[in-house]
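[1] give me the fold of what follows.
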Amino acid sequence: MQEHFTLMNSIFLVVGKEELDLHNNYDFVGLDYSIANRFLVLQWIRKAGDWIPLDSPTEVKLEFHNVTRFEFHPRDPEMPFSEDNCLWVAGYWRDAGWPDDVTSGLESGVFCAGTEPEEDWLRAFQFHSGAIVLVGAIEAHAKTKG
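    Here you go, the predicted structure:
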């Protein structure tokens, strides 16, 4: 996937010179997936906390073009719905599990280390509720507003 952003330290989205903390400073508000256009958008809005710099973007969107795979893994029904909007980790996913030279002890699931992803790794966004969004696409862009 050709990405025009970087995922860093499991919660940061790096867009140009900006490092956006999607865990602490933003609430996930939803996704929009067009089957016909093979287009997926994930959207966050800035929280109102006084710790957040006022010059931070008010809205962040990740756009995935020419989607080759899209999955939504369900949330934990025991978790409160208030946990659906909080990103826990952003990283990568591989169905076959992770080789020992990538990470030891992680059979499958979201991998967050700062390494160059391989072509077959999906981008993964896991939320506090346990829900996971997985996406494979030809190209991805980050857009900010405000």
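
[2] CA only for contacts and neighbour counts going forward, please
    OK.

[3] buried residues in stretch 48-58, which are they?
    56, 57, 58 (16 or more other CA atoms under 10 Å).

[4] columns secondary structure on top of those residues, output as CSV?
    As requested, the buried residues of stretch 48-58 are exported to CSV (DSSP: H, G, I helix; E, B strand; the rest coil):
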residue, secondary structure
56, coil
57, coil
58, coil
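
[5] ok, those residues vs residue 131, which is closest?
    Nearest to residue 131 among those: residue 58, at 23.8 Å, using CA to CA.

[6] might one say that the closest one is in contact with residue 45?
    Yes - using CA atoms under 8 Å, residue 58 is in contact with residue 45, at 5.7 Å.

[7] including distance to residue 50 and pLDDT, could the buried residues of stretch 48-58 go into TSV?
    Shown next, in TSV, are these (distance: CA to CA, whole Å; pLDDT from 0 to 100):
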residue	distance to residue 50	pLDDT
56	12	95
57	14	97
58	14	97
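
[8] residue contacts, the residue most central in space within the chain?
    The C-alpha lying nearest the average C-alpha coordinate of the chain belongs to residue 125 (CA atoms, centre = their mean; 3.7 Å). Counting by CA atoms under 8 Å, 6 or more residues apart in numbering, residue 125 touches 87, 88, 89, 90, 91, 110, 132, 133, 134.

[9] what's around the second one, how many residues?
    Going back to what we said before, that points to residue 88. 20 (other CA atoms under 10 Å).
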